[in-house]
Each structure stands twice: as structure tokens, then as C-alpha cells.
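**Q** coordinates for the following, if possible.
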Amino acid sequence: MAVELVLLNPDGDQRAFPVSRARIIGREEDCDMRIPVAEVSREHCRVEPSSNGGLEVEDLGSSNGTYINGMRIEEAEMAAGDILKIGPAIMVLRVDGQPAAIDADEAILRGTPSEHEAQAPASQPQASKQVGQGSLLDEDDEDMFSDFDFDDDDDDEAPKL
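**A** From the prediction side, this is the model:
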């Protein structure tokens, strides 16, 4: 089963990153997926393919939270098409090529939490098709996407942004 996170850039660019085993996402250099911005904790969350074809996500006590479909979570499982937001980074889960096409504008809106949803974490969110009410990434955040990388190798060197 091919599981990947598709990183969305506000200008429409998309980059897919395979997730074949447990990965740590954070701003620290030794994280498997590095997002070097202040809104992301050193070790922000853990993602791992689940036995039923989704992606298990666990927030690692981050300050600003981990969101699935605009809802703050502590632990949850994503299904194909669900949206993961970590700091300014918004990613869509693609499983075995589905969804084949991703509308970046719609996904960014759906993945951005409202002020109410940003307050209290939920232990298991329901997939939501509601449009979020938060703001989009600003121009400073867009620079991060040009060098964003995901380490899918088993080597010791984490990707550099």
C-alpha cells in the first residue's frame, strides 16, 4: 500500500513524500520531516502508516497543536483525502494514488482551523468536509516550501531545508 503526504504550496505546487514507516515531524535537524519555523515544535508529531491503510498521527505535546481536517488532535487516524496541518504546512494524505487530484485552495481552507477548533484537542476527530475559517499562509511561509524535504531513507542524515 502506497501512503504519502502531499505538501501543498499556496501557489498550487504540490510535492508528495512517501511514508513507509514511523516518522517524526518537527523543526529540529534530526527529525525525519523538518519544518524549520517557530510555529512548529522541535518534535511536533509522529506519523505512521496504519494497518488499515490510513495514517496514525500523534501530537508529541506541541505548543501550537496538530490538526486533521481543521480539528486539533492528540491522537487520530487519517484516511485518504484527510488534511494534516502542522504550523504553516498543510498536507493531504494520499493512499494508493487516491485522491488523484488535489485542489490546493480547497484543501488549505478545509485544513485551516477556526478559532474555536484551535482551542481544545480532540482524541479522535471525524473526517470533516466543512470549510475552515482561519487565514491562509502568508508570503514568508511560502519560502519554506521550495526546499522542504522528507527523509524516506534509513540513513542518519535528516533532510535540510
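
**Q** Gly111 and Ala79, how far apart?
**A** 14 Å (C-beta to C-beta, to the nearest Å). In short, each C-beta sits where N, CA and C put it, glycine included.

**Q** looking at the two, which is more packed in?
**A** Using other C-beta atoms under 10 Å, the more surrounded residue of Gly111 and Ala79 is Gly111, with 25 against 16.

**Q** show me the helices in the protein, by range?
**A** 104-111, 139-142 (DSSP state H).

**Q** least reliable of those by average pLDDT, please.
**A** Sorting these by mean pLDDT places helix 139-142 lowest, at a mean of 46.

**Q** poorly predicted segments of this structure, please.
**A** Scanning the chain for pLDDT under 70 picks out 115-161.

**Q** and if we set it to 80?
**A** Applying pLDDT under 80 to the chain flags residues 10-12, 114-161.

**Q** strands of that one, residue ranges please.
**A** Along the chain, counting by DSSP state E, strands occupy 3-8, 14-18, 23-26, 33-34, 45-49, 55-59, 66-68, 71-73, 75-78, 83-86, 89-95.

**Q** quick one: strands adjacent to the second one?
**A** This points to strand 14-18. Applying DSSP bridges, strand 14-18 is found paired with strand 3-8 (antiparallel).

**Q** compare the strands of the chain and give me the one nearest Asp105.
**A** The closest of the strands of the chain to Asp105 is strand 3-8. By C-beta to C-beta, the value is 9.0 Å.

**Q** name the residues that touch the closest one?
**A** 14-20, 47, 49, 53-55, 84, 89-95, 102, 104, 107-108, 145, 148, 150 (C-beta atoms under 8 Å, 6 or more residues apart in numbering).

**Q** for it, output the C-alpha coordinates as PDB.
**A** What follows is strand 3-8, C-alpha atoms only, in PDB (Å, rounded to 0.1, in the frame of the first residue of the first chain):
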ATOM      1  CA  VAL A   3       1.000   6.000   1.600                       C
ATOM      2  CA  GLU A   4       2.200   9.600   1.000                       C
ATOM      3  CA  LEU A   5       1.700  13.100   2.400                       C
ATOM      4  CA  VAL A   6       1.300  15.700  -0.400                       C
ATOM      5  CA  LEU A   7       2.600  19.000   0.700                       C
ATOM      6  CA  LEU A   8       0.600  21.900  -0.700                       C
END
